[in-house]
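A.B. asks: Structure of the sequence below:
(chains A and B)
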Amino acid sequence: MPLDLESMANHCGEWLRASGPESDIVISSRVRLARNLTDFPFIARTTEADREQIEQILHARIDALRAAGKLPSAKPENELHYVDVGGLEEVDRQFLVERQLISREHADADGARAVVIDGGERFSVMINEEDHLRIQVMHSGLDLEAAWKEINEIDDLLEEQVTYAWNDRLGYLTACPTNVGTGIRVSVMLHLPALVITRQIDKVFRSLQKINLAVRGLYGEGSQAMGDFYQISNQVTLGMTEEELLAKVADVVPVLLEYERQARDFLIKESQETLHDRVSRAFGILRTAQTISSEETLHLLSSVRMGVNLGLIGDVEIPTVNKLFVHTQPAHLQKLAGMELDQSDRNIERASYLRRHLNAGKAEPGDN
Amino acid sequence: MQCQKCDKPATFHITDLVDGEPKEVHLCEVCAKDFLSPLAEEADQVVPEMAGLLAQQLAIGQTAEELAELDQRVCPVCGISFLEFRKQGRLGCPHDYVHFAKELEPLLVNIHGETQHVGKTPARGGGNAEQQTQLIRLRREMKEAVAKEEYERASELRDEIKEIEGAS
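C.D. replies: Presented below is the predicted three-dimensional model:
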């Protein structure tokens, strides 16, 4: 079933609903597996014909699994969507990146490539990314074990259908040696505004790097942390079991939660007025601005999110704030508006979208 | 020896590749760190990260001549050279892990600290590895034959591929 991006833009993925454990601070838990078919070269050495063949094989196998009702999330209400990424417009590819369903690299690549997405946006399978297959499962809050269980089942099902590139000594073989072995990347997305305000975040990063965990910003690989969101993930993929790697990431999360909560308590105790002022000003700007950049929006939404969690703001819910982080990104705004917008029009549209969603139930002069 | 970028003693002796030509660089610890870390504008790419790791690994104990020799090695299955791998940070086929095993070992230790997989094992095993590498090689040779307009050779190769695919 093809995917209707316009209608998708109006909804949000399950991982944004803040329904999982610790979802005041942990936005999402994600597990991904990198896999390759054994009788094709890795992507860097494939021809266009190879990539088409790989896509056809995987498309057919995934379809067969769906038809047999075997894929865990493929309930009737959660129809699987097959998206030909190579055939999409740039804005639609960007939309899937903002949605965290494909990577920037996959969006920008050449040739035949696709993504399979379940209706609840809990799992997606990228075909012909850096590896032939990149399977991803994403849950709301701190829920790594459930995400691993689900992805492991999907992997087992696919493994019955195709032969993966494998070596007894090195495990699953991947295009980049940084993924070889388990091919697993376990990550949690955390919202850590108080650690940023109290300037303790660098110390936290240094200690995470010492135990071989990678820290990245909101939109993945090397990007600057935006809106105080940080993604913590394993760096090692070889020489440890999937469960050990899962535990390595999971074990550090309660410590980070504790630090962030202590920092929030400290701010409340030591400078409540300043904090309250910061949060209220942020909320005020977002509710009244007539034009606003993506960067400023992320920055201000971060303060608002913390304010809601601390009970300093009452009339907005966390799932709404989570949704706004994604829906105010450039491609989302354009899908929602149903037209292409240049940067200055996007800034106006973004401000209007924020006003509509943050002033619900309140009459706002000049807004329709 | 003095660092090439400042006055401190050079403690790092790095073999850098400039347009494919190996060149020795002598730096102090601080300048070496700058040198090995990717440029800010490249920081959002994975490739320079890999290249950085490789540079660190190759900085230890390899001479320019050894490195140049190493770079010429080519995988018989997918045709990628070690130099190409170093430049793009991506391997060409599953067989590279066997063909470049010795070269990759220190890199794997550098990244993972281990060289032995202990996690999940596919229920069906890896299939017939030899047959599969043969398929990749034959497909590549067929493509090359077509490019050289050697159609008779290409059709022989196509038959060979069909035979293997039919048997599996």
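
A.B. asks: Check what pLDDT residue B:41 gets.
C.D. replies: pLDDT, the model's per-residue confidence, is 41 for residue B:41.

A.B. asks: What of residue A:302?
C.D. replies: In this model, residue A:302 is scored at 94, pLDDT.

A.B. asks: ok, now the one 10 residues further on?
C.D. replies: Predicted confidence (pLDDT) for residue A:312: 93.

A.B. asks: got it, and residue A:203?
C.D. replies: Predicted confidence (pLDDT) for residue A:203: 88.

A.B. asks: So for the spatially closest residue to residue A:338 that is not a sequence neighbour, what's the pLDDT?
C.D. replies: Of all residues not flanking residue A:338 in the chain, residue A:6 sits nearest, at 6.9 Å (C-beta to C-beta, 6 or more residues apart in numbering or on different chains). Every residue, glycine included, has its C-beta placed from N, CA and C. We have a pLDDT of 73 for residue A:6.

A.B. asks: Just confirm residue A:6 is within a strand.
C.D. replies: No: assignment of residue A:6 by DSSP: H, G, I helix; E, B strand; the rest coil gives helix, placing it outside any strand.

A.B. asks: So residue A:350: helix, strand or coil?
C.D. replies: Three-state call for residue A:350 (three-state DSSP): helix.

A.B. asks: how far away is it from chain B?
C.D. replies: Distance of residue A:350 to chain B, given as C-beta to the nearest C-beta, to the nearest Å: 23 Å.

A.B. asks: That residue: neighbour count?
C.D. replies: 26 (other C-beta atoms under 10 Å in any protein chain shown).

A.B. asks: With adjacent residues omitted, what lies nearest to it?
C.D. replies: Nearest non-adjacent residue to residue A:350 (C-beta to C-beta, 6+ apart): residue A:328, at 5.1 Å.

A.B. asks: Enumerate every residue touching that neighbour.
C.D. replies: Residues in contact with residue A:328 (C-beta atoms under 8 Å, 6 or more residues apart in numbering or on different chains) are A:294, A:297, A:301, A:350, A:353-354.

A.B. asks: so which of the residues you listed comes closest to chain B?
C.D. replies: Chain B lies nearest to residue A:294 out of the contacts of residue A:328, by C-beta to the nearest C-beta, at 16.5 Å.

A.B. asks: Tell me the residues on the stretch 51-200 of chain A that lie near chain B, please.
C.D. replies: Contact residues (C-beta under 8 Å from any C-beta of the partner chain) of the stretch 51-200 of chain A with chain B: A:105, A:130, A:152, A:155-156, A:159-160, A:163-173, A:175-178, A:180-182, A:184.

A.B. asks: which residue ranges form the helices in chain B?
C.D. replies: Remark: helices assigned in chain B by DSSP state H are B:29-36, B:47-58, B:64-71, B:82-88, B:96-99, B:101-112, B:129-147, B:151-167.

A.B. asks: Quickly, which of the ones you listed bottoms out on average pLDDT?
C.D. replies: Ranked by mean pLDDT, those bottom out at helix B:47-58, with a mean of 61.

A.B. asks: Going along the chain, name the helices of the stretch 51-200 of chain A.
C.D. replies: Ranges of helices in the stretch 51-200 of chain A, per DSSP state H, counting those that start in this stretch, are A:90-98, A:104-108, A:144-161, A:193-197.

A.B. asks: could you dump these to CSV with mean pLDDT and mean neighbour count?
C.D. replies: Output for those, formatted as CSV (pLDDT from 0 to 100; neighbours: other C-beta atoms under 10 Å in any protein chain shown):
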stretch, mean pLDDT, mean neighbour count
helix A:90-98, 93, 20
helix A:104-108, 92, 17
helix A:144-161, 93, 18
helix A:193-197, 91, 23
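
A.B. asks: I'd like the ones you listed laid out as JSON lines, including distance to residue A:61.
C.D. replies: Compiled in JSON lines, these are given as follows (distance: least, C-beta to C-beta, whole Å):
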{"stretch": "helix A:90-98", "distance to residue A:61": "22"}
{"stretch": "helix A:104-108", "distance to residue A:61": "19"}
{"stretch": "helix A:144-161", "distance to residue A:61": "4"}
{"stretch": "helix A:193-197", "distance to residue A:61": "44"}
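
A.B. asks: quick one: which of these is nearest residue A:246?
C.D. replies: With C-beta to C-beta as the criterion, residue A:246 lies closest to helix A:144-161 of these, at 5.5 Å.

A.B. asks: Quick check: mean pLDDT of the strand ranked longest in chain A?
C.D. replies: Longest strand in chain A by number of residues (criterion: DSSP state E): strand A:26-35. Mean pLDDT, strand A:26-35: 96.

A.B. asks: Just list what it packs against, helices and strands only.
C.D. replies: strand A:133-140, helix A:144-161, strand A:171-172, strand A:184-191, helix A:242-288 (3 or more C-beta pairs under 8 Å, 6 or more residues apart in numbering or on different chains; DSSP states H and E).

A.B. asks: switch the cut-off to 6 Å
C.D. replies: Where contact means 3 or more C-beta pairs under 6 Å, 6 or more residues apart in numbering or on different chains; DSSP states H and E, strand A:26-35 is packed against strand A:133-140, helix A:144-161, strand A:184-191.

A.B. asks: Centre of the chain to the second one, how far?
C.D. replies: Helix A:144-161 has its average C-alpha position 19 Å from the chain's average C-alpha position, going by C-alpha atoms, centre = their mean, to the nearest Å.

A.B. asks: Which residues are in contact with the residue of chain B found nearest chain A?
C.D. replies: Of all residues in chain B, residue B:114 sits closest to chain A, at 2.4 Å by C-beta to the nearest C-beta. Listed by C-beta atoms under 6 Å, 6 or more residues apart in numbering or on different chains, the contact partners of residue B:114 are A:238-239.

A.B. asks: So it versus residue A:236, what's the distance?
C.D. replies: Applying C-beta to C-beta, to the nearest Å, the value for residue B:114 to residue A:236 is 8 Å.

A.B. asks: Then residue A:32?
C.D. replies: Between residue A:32 and residue A:236 the distance, using C-beta to C-beta, works out to 15 Å.

A.B. asks: Who has more neighbours out of those two?
C.D. replies: Between residue A:32 and residue A:236, counted using other C-beta under 10 Å, residue A:32 has the larger neighbour count: 24 against 20.

A.B. asks: what about residue B:72, how many residues close to it?
C.D. replies: 9.

A.B. asks: any idea how far it lies from residue B:103?
C.D. replies: 12 Å.

A.B. asks: swap in residue A:275?
C.D. replies: According to C-beta to C-beta, residue A:275 stands 55 Å off from residue B:103.

A.B. asks: And for residue A:256?
C.D. replies: As judged by C-beta to C-beta, residue A:256 and residue B:103 stand 38 Å apart.

A.B. asks: Ok, residue A:193 next?
C.D. replies: In terms of C-beta to C-beta, residue A:193 sits 45 Å off from residue B:103.

A.B. asks: just residue A:314 next, same as before
C.D. replies: 61 Å.

A.B. asks: So between the two, which is more surrounded?
C.D. replies: The residue with more neighbours, out of residue A:314 and residue B:103, is residue B:103; 18 against 7, by other C-beta under 10 Å.

A.B. asks: How about the closest residue to chain B within chain A: what's its closest non-neighbour residue?
C.D. replies: Among all residues of chain A, residue A:239 sits closest to chain B, at 2.4 Å; criterion: C-beta to the nearest C-beta. In space, and not counting its chain neighbours, residue A:239 is closest to residue B:114: 2.4 Å by C-beta to C-beta, 6+ apart.

A.B. asks: Could I get the phi/psi values of the closest residue to residue A:297 other than its chain neighbours?
C.D. replies: Closest residue to residue A:297 apart from its sequence neighbours, by C-beta to C-beta, 6+ apart: residue A:328 at 5.1 Å. Taking degrees, to the nearest 10, you get phi -100, psi 10 for the backbone angles of residue A:328.

A.B. asks: This completes my enquiry, with thanks.
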